[in-house]
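Trainee: 3D model of this:
(chains A and B)
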2 protein chains.
Amino acid sequence: MDKANGPKNGDCSTRVIHGPTNPMVTPLLTDLYQFTMAYAYWKAGKHNERAVFDLYFRKNPFGGEYTIFAGLEECIRLIANFKFTEEEISFIKKSLPSSCEDAFYNYLRGIDCSDVEVYAISEGSVVFPKVPLVRVEGPVAVVQLLETPFVNLINYASLVATNAARHRFVAGKSKILLEFGLRRAQGPDGGISASKYSYIGGFDATSNVAAGRLFGIPLRGTHSHAFVSSFMSPDEIIHKSLRSSDGSRTCEDFLSAVQMWLNKIQWLPSLHGSFGETNQSELAAFTSYALAFPSDFLALVDTYDVIRSGVPNFCAVALALSDLGYQAKGIRLDSGDLAYLSCEARKFFMAIEKEFGVPGFGKINISASNDLNEETLDALNKQGHEVDVFGIGTYLVTCYAQAALGCVFKLVEINNQPRIKLSEDVSKVSIPCKKRSFRLYGKEGYPLVDIMSGENEPPPKVGERILCRHPFNESKRAYVVPQQVEELLKCYWTGKSGKTAECLPALKDIRDRCIKQLEKMRPDHMRRLNPTPYKVSVSAKLYDFIHFLWLNEAPVGELQ
Amino acid sequence: MDKANGPKNGDCSTRVIHGPTNPMVTPLLTDLYQFTMAYAYWKAGKHNERAVFDLYFRKNPFGGEYTIFAGLEECIRLIANFKFTEEEISFIKKSLPSSCEDAFYNYLRGIDCSDVEVYAISEGSVVFPKVPLVRVEGPVAVVQLLETPFVNLINYASLVATNAARHRFVAGKSKILLEFGLRRAQGPDGGISASKYSYIGGFDATSNVAAGRLFGIPLRGTHSHAFVSSFMSPDEIIHKSLRSSDGSRTCEDFLSAVQMWLNKIQWLPSLHGSFGETNQSELAAFTSYALAFPSDFLALVDTYDVIRSGVPNFCAVALALSDLGYQAKGIRLDSGDLAYLSCEARKFFMAIEKEFGVPGFGKINISASNDLNEETLDALNKQGHEVDVFGIGTYLVTCYAQAALGCVFKLVEINNQPRIKLSEDVSKVSIPCKKRSFRLYGKEGYPLVDIMSGENEPPPKVGERILCRHPFNESKRAYVVPQQVEELLKCYWTGKSGKTAECLPALKDIRDRCIKQLEKMRPDHMRRLNPTPYKVSVSAKLYDFIHFLWLNEAPVGELQ
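Mentor: Below you'll find the model as predicted:
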């Protein structure tokens, strides 16, 4: 894959929209039944009937009361380049019954998304159940084909962005959060998508080089346990000289300088007895790493024993570097009791700062990275810790606490006729009609409620009282006088309709939107324990219509 | 992506190995620290030291006692084509500190995997914790770069194959299992990989067209709720004629034939009162679908009401088809009490077979597909049901019950020196040395124990007693007289060493191996509740060596 196919956002003027980041996202990345349905629509002469589908989810993930919407850009890239190749057509032909008429494949050959319109909430927004994230309008057979890839591209993207935002919420603004999940992600682009959408959700950087290249996300990383254990002893170090940071002098035997410092530390009264003989292969590894990266020395200190070996070895190297004008970057803890170990390491650093008068040594960065998640971050906060940087992998990228978001794509109108999907489970009944939706803000600037209304209803107005009804529970309703009204759905793809579409914003802008929107939420919606549900409503008129249609479509039961 | 880049297995003679299925899998799909380490190795002159890494996991997933190994082929494809492009090199350069020497990038330019050897257990095998799935040997800097992509490619592949095998185990051999997870998968190739590895784990087909094309997996799918609700009434159906199956006659008004049958069913004494007026848009949708696919009529019957509308509408269409010599394929249930609804539908079909003498009608296939997982399959079995086909999505492909497998990649030897990684958590201590591993079979043909030994130890022999020791628990040991000895690690990549490497088998063969291996396991290892752990051991000699090295590397504590 070439970088030329990579993101190129913000180029609104030209509107050249490149294909999806992952070249495997093609019109064939869909369920077979989208093609059987396309054939049946075509055979019935219905394929060009104008249909409106809503993409939405029914429940916020992770026991929370909010979700971050993400994945839109990849959907727009797909439809902007939606066209079957001859080879794809022949595969579809092979996959459908041989009785299907040839003319259908000619129809498929001609399909693109020039008759499709996509309205969506801006990527990176805070969103809520039942409110359409995306509204897709177009020929029923074409829009149907988009169902699976759209839901695929949005489900995981939104899930992992939400997960990242939740981790950020617990960690607090002052901490640095690194996404370290590539190796445990669900496949290669589970990893790449995780890096992208964790960044949107508020992470600062990733370890994933491919994601760094594709999206310009900052990269972070130093070394692993294997690097440490690949060294046997300091005798292995051959090139021992190190130039000082300002280039003014050269230390010919940096290893000896390190060993001297280790000796000094060992006899410090304030540290006396806290460690004995440190591991020599570890010392060799740290020294060697520092020789390679004198300005970026960060050491993984738990290969043998954090307090008795890793931290003193690190300090010896850091002090030797300090003599040459370099400031060590920090340590990483990857096992054990992170609260305890980080506090012990901090004490160690403080003692050294004090004893040897090395300014800033006490504040050296401590990173931690062992199977962290929302709960462990919360527990660390409660216990007290000295970690500055969290590297989060498995639980973040696989969304371990809830591995799927249940976005659906439901037909709400065809040929201007509203449609409803019933279910014995009320939460699964769809909200019919082509709709608009609005976020209403209260006096204190917080969003109060989202309201959906029929397309032709007058929109809510600032300062004007409006009745907001729960879509299915008749007793739940409230009057609201909005202080601000935000229309949620914006046009992101117009096909050849001549309308103006929104720009695809740059990743950084999506991330900023997400962070700002989260800050605007009322705190009780955001808390981890028993958050208050945010209200989602319909207009009085839409409420009446939903229930009229429902009664009309549902068969009357007969008790026997 | 072109099919030409797709799998081409079994072509052992030529050994042309194409790149990874997902073009995003490149040498950059790795963690940044692999490059910082490569630089530090290079700077220390250590980069060509011969290292041996083991890839293994520590705990079986899903509370089970077995795992299916998968993902090997994609790893071999990666290394067979492992080479940095100039553009990748410049990105790496941009990502490393500017102090890194230029000569390093020349070194990177020259890197490939011709000095690497890969030994692995055959893909599709049943595997156990701690036993190396893959052993990679080569220059330390190069092998280190492979860590992240190897672990990424194997972790999820093995996890989802295991999940599929577990679903198959509960469903039983006689059921048809379909993977329906694309829309809920973790990103596009979360979906594509899920289809591939679910098939290996024993699924029969997928809905994912892209996966069908890439891997030749059988495809399945019919229609969704949207198709049903896109119809308003039977008046929409314009082309009503249908030729009989043998081409001998044409029914000019198939819709009337359906309506006539619906009327007949309604007045059947055995069904009397079980339904009233059925939903007319549903009837229109079913009729229209049957006109498009007379030989493949399968209807989703829960859009309005399964028993009062969907099933009678289906039966009317199926009977009208039957008059023309077509046999309907079945129904799909996607909500509600699947046990109850499937039994009611079966009764309905049986009644129709009996009343109208339509042979086989009672046995019409019933598919079910609503948020199914191991537990719901188990519950359905206990309750009794009439489902023939299960479509499984979210819980299968996202491995909802446990979203990650924890494969690790540990240095076990460098320059012929065994290395160990210690940890306060004994389960995280690595087993040092370049090893061989063997599966020992007992009298009844079941595998009894896996044993690892040093590379130069004599292998276990059939009929000869051998002591198998738990690697870390000195009291756990047992003598075994194997009736069969299977060496587990086979050579899959030799680089330029001149050794012969195994063929990459075809997907179907990997699937067959998996199914056969699962059948060979002793049943108590396989049961869902409290399965017996399979034994994993080391030779007496390796045991002694591990503990010698451990004591050697660990610092002695001091209680204060």
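
Trainee: which stretches of the stretch 251-400 of chain A form helices?
Mentor: Using DSSP state H, counting those that start in this stretch, the helices assigned to the stretch 251-400 of chain A run over residues A:254-266, A:280-292, A:311-323, A:338-356, A:374-383, A:394-397.

Trainee: So which elements touch the shortest one?
Mentor: Same thing as helix A:394-397. helix A:140-171, helix A:188-200 (3 or more Cβ pairs under 8 Å, 6 or more residues apart in numbering or on different chains; DSSP states H and E). (Glycine included, C-beta is placed from N, CA and C.)

Trainee: one more time with 10 Å
Mentor: Contact here means 3 or more Cβ pairs under 10 Å, 6 or more residues apart in numbering or on different chains; DSSP states H and E; on that basis helix A:394-397 packs against helix A:140-171, strand A:176-179, helix A:188-200, helix A:374-383.

Trainee: Now mean pLDDT and mean neighbour count too, for the helices of the stretch 251-400 of chain A, in CSV please.
Mentor: Shown next, in CSV, are those (pLDDT from 0 to 100; neighbours: other Cβ atoms under 10 Å in any protein chain shown):
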stretch, mean pLDDT, mean neighbour count
helix A:254-266, 96, 19
helix A:280-292, 97, 26
helix A:311-323, 98, 26
helix A:338-356, 96, 20
helix A:374-383, 97, 16
helix A:394-397, 97, 26
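
Trainee: Out of the helices and strands packed on helix A:394-397, which one sits most buried?
Mentor: helix A:188-200 (a mean of 31; mean count of other Cβ atoms under 10 Å in any protein chain shown).

Trainee: what's around residue A:228, how many residues?
Mentor: Neighbourhood size, residue A:228 [other Cβ atoms under 10 Å in any protein chain shown]: 28.

Trainee: How about residue A:172: what's its closest non-neighbour residue?
Mentor: Using Cβ to Cβ, 6 or more residues apart in numbering or on different chains and skipping residues adjacent in sequence, the residue nearest residue A:172 is residue A:381, 7.7 Å away.

Trainee: Next up, the contacts around that neighbour.
Mentor: Contacts were defined as Cβ atoms under 10 Å, 6 or more residues apart in numbering or on different chains; by that measure residue A:381 touches A:170-172, A:175, A:339, A:387.

Trainee: and for the helix or strand encompassing residue A:88, what are the contacting residues?
Mentor: Here residue A:88 sits within helix A:86-95, counting by DSSP states H and E. Helix A:86-95 is contacted by residues A:26-28, A:32, A:35-36, A:38-39, A:84-85, A:100, A:102, A:104-106, A:108-109, B:2-4, B:209-210, B:212-214, B:218-221 when judged by Cβ under 10 Å, 6+ apart.

Trainee: thinking again about what came up before, state the distance from the residue nearest to residue A:172 to chain B.
Mentor: Distance of residue A:381 to chain B, computed by Cβ to the nearest Cβ, to the nearest Å: 23 Å.

Trainee: circling back to that earlier point, what would the contacts of residue A:381 look like in JSON lines with distance to residue B:357?
Mentor: Shown next, in JSON lines, are those (distance: Cβ to Cβ, whole Å):
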{"residue": "A:170", "distance to residue B:357": "67"}
{"residue": "A:171", "distance to residue B:357": "70"}
{"residue": "A:172", "distance to residue B:357": "74"}
{"residue": "A:175", "distance to residue B:357": "74"}
{"residue": "A:339", "distance to residue B:357": "76"}
{"residue": "A:387", "distance to residue B:357": "76"}
